[in-house]
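1. the following comprises the amino acid sequence and a computationally predicted model.
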Amino acid sequence: MARSLWKGSITFGLVNIPIQLNTAVREKGISFNLLSKDGRCRLRRKLYCPETGKEYDFNETARGLEVAPDQYVLIDEKEIEALKPEKGRTIEIEQFVDIADVDPVYFNRVYYVSPAEGAAKPYRLLVEAMKQTGKAAVAHFTFHERQHLVILRTLEDGVVMHTLHYADEVIPIGEVLPETIDKAKVTKQELDVAEKLIEALSRPLDVGEWRDQYREQLQALIDAKSEGKTVRVADTHDDEPAPRTINLMEALKKSLAQNRAAGAGAGAGRSNGRHAPRRKSA
């Protein structure tokens, strides 16, 4: 079993379930180091005052927040420690909700919740009860010196925990929509064709068929160069002309026709109904 990130218990009512948190996602991005031009020296950043040029060690620094141009409020480490939440070991369920009522925009990080040794039965009880009622649990708990709002939901025979953004952290979508959105009207014919296009592009989801093509190509480039191979990189597409703006109805009809033609051709050449991810253009 993978090493746990946190150990504690879930409580609801008088029921106490010893659990542990485990990593659910391992991101696979590629990070580069900053080097000198000849690649012989890995460069480091330093702390210095841009006015005097004097360098500082980390233990000579203080925390502060800018409240006006070049004016800062200093906060002592002891003051910060006094405000940090207690390091509890309990995820106390405060209420149960329908998972559909929690918009995915609030979801942050995700963890797997597994039972501690000897806690399989109460853990299974919680899973089955949540499945039968179709409910998810809302709770608070302290992790990495911060109090988190979380939601617990079932996945197959286990429990998944999502940390949530607080309401005041989520920007209302109305702030980014133009005022003209209310005045934009669509015709019934445009809506009918758009619905047909959505139906034509609809199929059961298989997340395993989608890949990070950029990361795979970048890793292949790194592997080839590490083996001393000469790699020829294609020219970028910066000079490609901008797509021509066409009539909305014309775009919908052409998209629908192209999708039907592609579906017919793929159906004739495919035996298992799967295909590689396609790069989509706007």
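-> Ah, there it is.
2. name the residues that touch the top helix by length along the chain?
-> For the chain, the helix with the greatest residue count under DSSP state H is helix 248-269. Outside helix 248-269, the residues that touch it by Cβ atoms under 8 Å, 6 or more residues apart in numbering are Thr187, Gln189, Glu190, Val193, Ala194, Lys196, Leu197, Ala200, Leu201, His275. Backbone N, C-alpha and C define where each C-beta goes, glycine included.
3. rounded mean pLDDT for it, please.
-> Taken as a whole, helix 248-269 has an average pLDDT of 74.
4. now do stretch 131-144
-> pLDDT averaged over stretch 131-144 gives 92.
5. switch to numbering from 468
-> Let's use 468 as the start, then, which means that last one is stretch 598-611.
6. what's near enough to touch Asp565?
-> Contacts of Asp565 (Cβ under 8 Å, 6+ apart): Gly601, Lys602, Ala603.
7. go again using 7 Å as the cut-off
-> Gly601, Lys602 (Cβ atoms under 7 Å, 6 or more residues apart in numbering).
8. mind pulling the model confidence for it?
-> 96.
9. likewise the one 4 residues further on?
-> Looking at Val569, its pLDDT stands at 94.
10. secondary structure class for the nearest residue to it once chain neighbours are set aside?
-> In space, and not counting its chain neighbours, Val569 is closest to Ile618: 5.9 Å by Cβ to Cβ, 6 or more residues apart in numbering. What DSSP: H, G, I helix; E, B strand; the rest coil gives for Ile618 is strand.
11. before we move on, what about Lys663?
-> Lys663 ends up helix, using three-state DSSP.
12. what's the burial count for it?
-> 16 (other Cβ atoms under 10 Å).
13. OK, contacts around it?
-> Lys663 neighbours (Cβ under 7 Å, 6+ apart): Leu723.
14. likewise Asn500?
-> Arg509.
15. name the element it belongs to?
-> Here Asn500 sits in a region with no helix or strand, counting by DSSP states H and E.
16. ramachandran angles for Thr630?
-> phi -80, psi 150 (degrees, to the nearest 10).
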